[in-house]
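K.L.:
Sequence and predicted structure are below.
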Amino acid sequence: MTLHDDNPRPPCPRCHSTYILKNGSTHHKKQKYLCKNCHYQFIDSPSKKYITPSETQLIHSCLLERISLAGISRITNISLTSVHRIVKSFLRQVPCHIEAQDTSDGDFNLECDELWSFVKSKLNPVWIWVALERSSRKIVGLHFGSRGRDSTQAFWDSLPSEIRDCATVYTDLWKSYIGVIPEEAHQRSRKGSGQTSLVERFNNTIRQRCSRLVRGSLSISRRWFNHERLIWHFVHNYNASLDSA
Ligand SMILES: [Zn+2]
């Protein structure tokens, strides 16, 4: 520090500490600062405003509702650019697998169903394969693909073997299930028979709340990725909500 520091250091935008060190400069020759208290790095009056953890959390929660990114930007008063950045980095971290289930009961009744969705255009259909376990009502399997047997197999293989090995599996009459699900464990019935009503209800919920999220809001090349991750995000929250219910 010099005696004639005519450029007073701004307080930390995150913790408001005034214990600030100069910390080099950006390639646009802007002074960078480092907060000694919370180690946040920042530049003075940056065009990007600091976004608090609770604002970030609010954005993550908004992704579970039928709100566009522009809508999220208006609700939170955070620029659309920043909302995009936060959503992208969040979606990259969403796990694409179901947390380990309590399989101690050893007796599972699965309802499986395929949900039609699309990415960007109806010419790009994505089938969402869902397995719901009746007693916990949790989603125990999720797979994205076509409606063909390869996808049915990939979906079935993605279920934990502890569940696959001792489950009774209720499905509709869709032909792809035949030959994938072991015949002795497979119960097929017409849609509307009630045997798959829990998973059908879940699919209605997810359709109501997730279907429009990806519409025109994120970069084109990433849409498939975003579509999958948003649905995973929804499923993780859905399962967690059953724990706290
Ligand atoms: Zn700080």
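P.N.:
Received, thanks. Small disclaimer: the values here were computed from a predicted structure and weren't measured. Numbering: from 1, shown residues only.
K.L.:
so for stretch 60-78, what's the average pLDDT?
P.N.:
Regarding stretch 60-78, the rounded mean pLDDT is 88.
K.L.:
for it, which positions count as buried?
P.N.:
Applying a neighbour-count criterion of 16 or more other C-beta atoms under 10 Å, one finds 60, 62-64, 67-69, 72-73, 76, 78 buried in stretch 60-78. (C-beta placed from N, C-alpha, C; glycine too.)
K.L.:
for that stretch, how far is the first residue from the last?
P.N.:
By C-alpha to C-alpha, to the nearest Å, the extent of stretch 60-78 from end to end equals 13 Å.
K.L.:
want to throw the buried residues of stretch 60-78 into CSV with secondary structure and distance to D113?
P.N.:
Putting the buried residues of stretch 60-78 into CSV (DSSP: H, G, I helix; E, B strand; the rest coil; distance: C-beta to C-beta, whole Å) gives the following:
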residue, secondary structure, distance to D113
H60, helix, 27
C62, helix, 27
L63, coil, 23
L64, coil, 21
I67, coil, 26
S68, coil, 27
L69, helix, 29
I72, helix, 30
S73, helix, 34
T76, helix, 35
I78, coil, 37
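K.L.:
residues in contact with I98?
P.N.:
Taking C-beta atoms under 8 Å, 6 or more residues apart in numbering, we find I98 in contact with 139-142, 160, 235, 239.
K.L.:
try 10 Å
P.N.:
131, 138-142, 158-160, 163, 232, 235-236, 239 (C-beta atoms under 10 Å, 6 or more residues apart in numbering).
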